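Colleague: With the sequence up front, the predicted model follows.
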Amino acid sequence: MTGNCPLPLLTLMLALPIGTAVLCLLCRKRPTAAKTLALAGTLTVLLFAVSCFVLLPAEPGWLLREEYRWISVLGIRFSLGLDGLSLLMVLLTALLSVLAVGLSWNEKNRPAAFFALLLVVEAGVLGVFMALDLVLFYICWEMMLLPLFFLIGIWGQRGGVAAALKFFLFSLAGSLLMLLAIIILYVLHGQQYGDYSFALAALQQTAIPAGLAPWLFSGFALAFLIKVPLVPLHSWQADTYSAAPAACSLLLAGVLAKTGIYGLIRFALPLFPTVAQGALPVLAILALIGILYGGWIASAQRDLKRLVAYSSLAHLGFIVLGLSAWTTTAAEGALLQMANHGLTTAALFILIALIEQRTGSRHLDDLGGLWSRVPRLSALLLFFALAALGLPGLNNFVGEILILLGTFAVHPLQAVLAALGLLLAAIYMLRLVQEVIWGPGKGERSWTDLGLSEWLLLAPLAVLVLWLGFYPETFLEPLRGPAQQLLNEAVSLSQSGGMP
Amino acid sequence: MTAPELIALLPLLILALGATALLLLARNSVGRSWPLIGGAFLALTAALSATFLPTCPIEVGGMFSAGPYARFFIALWSLATAATLILSGPYLARRQLPSGEYSALLLFAAAGMGLLSSAVSLSGIFLALEAFTLTFYVLIAYNKGCSLGPEAGIKYLVPGGVAAGLLAFGMALLYVASGSLQLPAATAALLSGAPMQAIALTGLAMLLAAFAFKLSLAPFHFWTPDVYQGAPAPVTGLLASGSKGAVTVALLTITATLPAAPAFFQPVLIALALLSMVVGTFCALAQSNVKRMLAYSSVVHMGFVLTGLLCWNHPGRTAALFYLVGYSIVTLGIFAIISSFSTQKEPQQLTDYRGLARRHPLRALALTVLLLALAGLPPTVGFMGKLAIFTAAIAAGLPLLAVVGIVSSVISVYFYLQPVIQMYMAAPPAEESVTGHWSEYGVISLCFALTFLFGLWPGKLLEFLVRLTP
């Protein structure tokens, strides 16, 4: 049952990484074959995603839908859907997965298993972005978390096991409460309509008792905000990002964080429109705290990965702030910023990994004077750092200015405070640049500058950063529909009461 | 006995008579594998006959039914016993333990569990329960060389004796009140308005205490960790899956005769389920011995199963049965892996699992998946079971049980991951560990495959159980 596509494209996109992962595990003895397979698999998914983006018309509503019977007794269906927002997220996931595979190309420790797990993460994330059945969504949600536990625990640096456990328990605490909320919704819907179903569209019709709704909403919101993370649920983040292998940090910050925000947009806000309206101010305050606190803490970090981790906290605060402003401009900005942040953070994590490969350290105290030794790498670091701090003409500027404009229209004070966060971003990013690139060089050795494969990792990101900076319309256009839909759907539902 | 009755009982007769024959034939069976293979063959035959013989409407002696419900569980426990027999070969050979008596005892146990699952009267329940408990007393202490074994046997014997006493006395009281041992006539005295309801309720309380002993529901669980630790790993697997399963099936038969929990029993039973989840979870957190951890985890899981029964409706009972089937598969698999890693000594401490993933990637993967299934993560049968149980609990208006169940699931992930962390994220020790035997691999891969199969496509099994549940 596909919309206008002869192939079950979405199912294929989901099945491809899993199939490739199994094949990878089968060539445990031949690491080259395993990594070639992984690259081919991720590239094929990227090809699918790009062709969807190019070929499908940018219109509001579902661009592709697929639905199959699965577990009829429990009302679970295998239903996937793709709209402008999920398409952009799928595109981001597919791109960053290719980069993650490329970045780990020289993995020596059990490479086949490593790539297989990366591919399972990709499949899980793609499923999260496409699932329209809540149980399917939950299964994909767990499927993306579990491999990360192993990736961080086995291939992580010192403290990896503890970080992995912390990450997993945090995530699981949130997601199991979400499962409980899903079950309660399902039962309520079944009792009201006599039709037991986990489909999102069906559950949206459910009338939720006023006393219960805030609890259910917080069940969902907790799972999603832990994943983002939003202050005060962020304590797993810096440890995990810094202990995780480079490819995982890239995926965690670039893609996994977006699953939380996507979950809010796709599930938590539309399912509980009335409660969500009441929760927006709280979200805004938490987001502001995140922006300022994240920026502040980032300024004090000496470890590059931790610095980027906390800067992520601030950037994701911006996105949540844009959502909670509940205006079209801010919402569009927030959706676009999800992609922007994914690109710049991914680039920064790649660069940090490259620096660490060369110098053996990612501590600010050990670094300095890179410009004179590896000028191309340093130039790219400068470029992406400027993008991250929101330089006009580069991608983050567009998203942030839209968020700030949209927020200023309704909550001027919040926008002013958030703008202070931009100042903090300038402080920590410029300090990073200053201490890493400029200054006297430490140590005697000289290193090779960027090689071809490393250019291949970074060039697409640089192109996209410029593209989004100068002509964001390409990506904003497909987001208009979802942004409008988010605001409208909630409003129309809240006007009709959402109550019995 | 008439011919239809014989046919009705045929699967159980195969088990019991086969066991007797084995006992007579197999002497000096140390290191021999034919009694085990023969036993497994008999158990498989019993399972096949239970599956394919036409179900009979008659009740044998007014005690045992031969309906689809009974037949399904006879088949299930026979299969579990066959799997246990198949994987026990290398385990027994390494310890120089006689396999003939072992095989016979396991078959007797299977017959007892099958009888218990098909019991439709209180006397039938008593007879069957005592029949297989007796064999387990011996089986738990089967390894005489290991000091923990006999100790565990005694620890199972003493509470077991108390439970048997309680069971008999409770049944007597129910009989006094109702004048019948047949279900559902025997439990009719529990309904409000029945004469002598108080006596019947006292009887039920004793009956439930005895069941709680067997199911190791907190606070009746104190024997569990010691017995799990001391018993041979394959026996522990059958004890955890089949024995507890058969008792649950009998409890379900009893609860299905009542429209709702009699009088004050609902809060008491809810408390029992809650306590099992909480106590089991927190005790398991503190364990560094994997078998003890699994013992406490079984306490938690029995709390989940009880949650399903406490819904007092058809979906709840179906969920409980589905959970039970899934749990049996997973536990059997886990203990199969533990026994496949056993040398003279079983790998019980967490540190015994260090770095196993490097030497034995397949079994490490299987153990990981099965432990995560116990933790209830998708896409395993454990997740679907939890989904079914919690859905039934919420629909039946028991949100507290669902909330506590969810919270205990979160916490329990911590201890289920501990062996996984040891296997994958710790350096392997110098000494060589055991390579498994093909028979062990067979059982493990079957459990592994079923865990995924019922996790991804539970529909068929669920539909079947919906039709089966009384």
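Modeller: Arrived safely, thanks for sending.
Colleague: Could you break chain B into its assigned domains?
Modeller: Listed by automatic domain parsing, the domain ranges of chain B are B:1-221, B:264-470.
Colleague: Measure how far the first one is from the centre of its chain, please.
Modeller: The chain centroid and the centroid of domain B:1-221 are separated by 11 Å under CA atoms, centre = their mean, to the nearest Å.
Colleague: The strand or helix carrying A:Ser97 packs against which elements?
Modeller: Secondary structure from DSSP states H and E places A:Ser97 in helix A:84-103. If you count contacts as 3 or more CB pairs under 8 Å, 6 or more residues apart in numbering or on different chains; DSSP states H and E, helix A:84-103 packs onto helix A:31-55, helix A:111-130, helix A:246-251, helix A:257-263, helix A:328-359, helix A:452-470, helix A:473-495. The C-beta positions use only the backbone N, C-alpha and C, and glycine is treated the same way.
Colleague: by how many degrees do it and helix A:111-130 diverge?
Modeller: 170 degrees (axes from the mean of the first three to the mean of the last three CA atoms, to 10 degrees).
Colleague: Dump the helices and strands packed on helix A:84-103 into a markdown table; add mean pLDDT as well.
Modeller: Listed next are the helices and strands packed on helix A:84-103 as a markdown table, based on pLDDT from 0 to 100:
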| stretch | mean pLDDT |
| --- | --- |
| helix A:31-55 | 93 |
| helix A:111-130 | 94 |
| helix A:246-251 | 92 |
| helix A:257-263 | 93 |
| helix A:328-359 | 92 |
| helix A:452-470 | 93 |
| helix A:473-495 | 74 |
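Colleague: Reformat those into CSV and put mean neighbour count and distance to chain B next to each item.
Modeller: Converted to CSV, the helices and strands packed on helix A:84-103 look like this (neighbours: other CB atoms under 10 Å in any protein chain shown; distance: least, CB to the nearest CB, whole Å):
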stretch, mean neighbour count, distance to chain B
helix A:31-55, 18, 14
helix A:111-130, 27, 8
helix A:246-251, 27, 15
helix A:257-263, 25, 16
helix A:328-359, 25, 21
helix A:452-470, 17, 28
helix A:473-495, 17, 24
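Colleague: so can I have TSV of the ones you listed showing distance to B:Phe322?
Modeller: As requested, the helices and strands packed on helix A:84-103 are exported to TSV (distance: least, CB to CB, whole Å):
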stretch	distance to B:Phe322
helix A:31-55	35
helix A:111-130	24
helix A:246-251	35
helix A:257-263	29
helix A:328-359	39
helix A:452-470	48
helix A:473-495	35
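Colleague: Now whatever residue of the stretch 101-250 of chain A ends up closest to chain B: closest residue in space, sequence neighbours ignored.
Modeller: Closest residue of the stretch 101-250 of chain A to chain B, CB to the nearest CB: A:Ile139 (4.2 Å). Spatial nearest neighbour of A:Ile139, chain neighbours left out: B:Pro378 (4.2 Å); criterion: CB to CB, 6 or more residues apart in numbering or on different chains.
Colleague: mind checking the backbone torsions on that neighbour?
Modeller: phi -70, psi 160 (degrees, to the nearest 10).
Colleague: cool, B:Thr343 as well?
Modeller: phi -100, psi -140.
Colleague: so what's it scoring on pLDDT?
Modeller: On the pLDDT scale, B:Thr343 is placed at 82.
Colleague: The closest residue to it other than its chain neighbours: neighbour count?
Modeller: Nearest residue to B:Thr343 in three dimensions, chain neighbours excluded: B:Val434, at 5.5 Å (CB to CB, 6+ apart). B:Val434 has 16 neighbours, counted by other CB atoms under 10 Å in any protein chain shown.
Colleague: ditto for A:Cys140
Modeller: Counted with other CB under 10 Å, A:Cys140 comes out at 24.
Colleague: about what we covered before: quick one: the helix holding A:Ser97 to helix A:31-55, angle?
Modeller: Using the same axes, to 10 degrees: helix A:84-103 against helix A:31-55 is 160 degrees.
Colleague: Output helix A:84-103 in PDB with nothing but the alpha carbons.
Modeller: Listed next in PDB are the C-alpha coordinates belonging to helix A:84-103 (Å, rounded to 0.1, in the frame of the first residue of the first chain):
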ATOM      1  CA  GLY A  84       8.700  17.000   4.800                       C
ATOM      2  CA  LEU A  85      10.100  17.000   8.300                       C
ATOM      3  CA  SER A  86      10.800  13.300   8.500                       C
ATOM      4  CA  LEU A  87      12.300  13.400   5.000                       C
ATOM      5  CA  LEU A  88      14.800  16.000   6.100                       C
ATOM      6  CA  MET A  89      15.700  14.000   9.200                       C
ATOM      7  CA  VAL A  90      16.000  10.800   7.200                       C
ATOM      8  CA  LEU A  91      18.300  12.700   4.900                       C
ATOM      9  CA  LEU A  92      20.400  13.900   7.800                       C
ATOM     10  CA  THR A  93      20.600  10.400   9.300                       C
ATOM     11  CA  ALA A  94      21.600   8.800   6.000                       C
ATOM     12  CA  LEU A  95      24.300  11.400   5.400                       C
ATOM     13  CA  LEU A  96      25.700  11.300   9.000                       C
ATOM     14  CA  SER A  97      25.700   7.500   8.900                       C
ATOM     15  CA  VAL A  98      27.800   7.500   5.800                       C
ATOM     16  CA  LEU A  99      30.200   9.900   7.600                       C
ATOM     17  CA  ALA A 100      30.200   7.700  10.700                       C
ATOM     18  CA  VAL A 101      31.200   4.700   8.700                       C
ATOM     19  CA  GLY A 102      33.900   6.700   6.900                       C
ATOM     20  CA  LEU A 103      35.200   8.100  10.100                       C
END
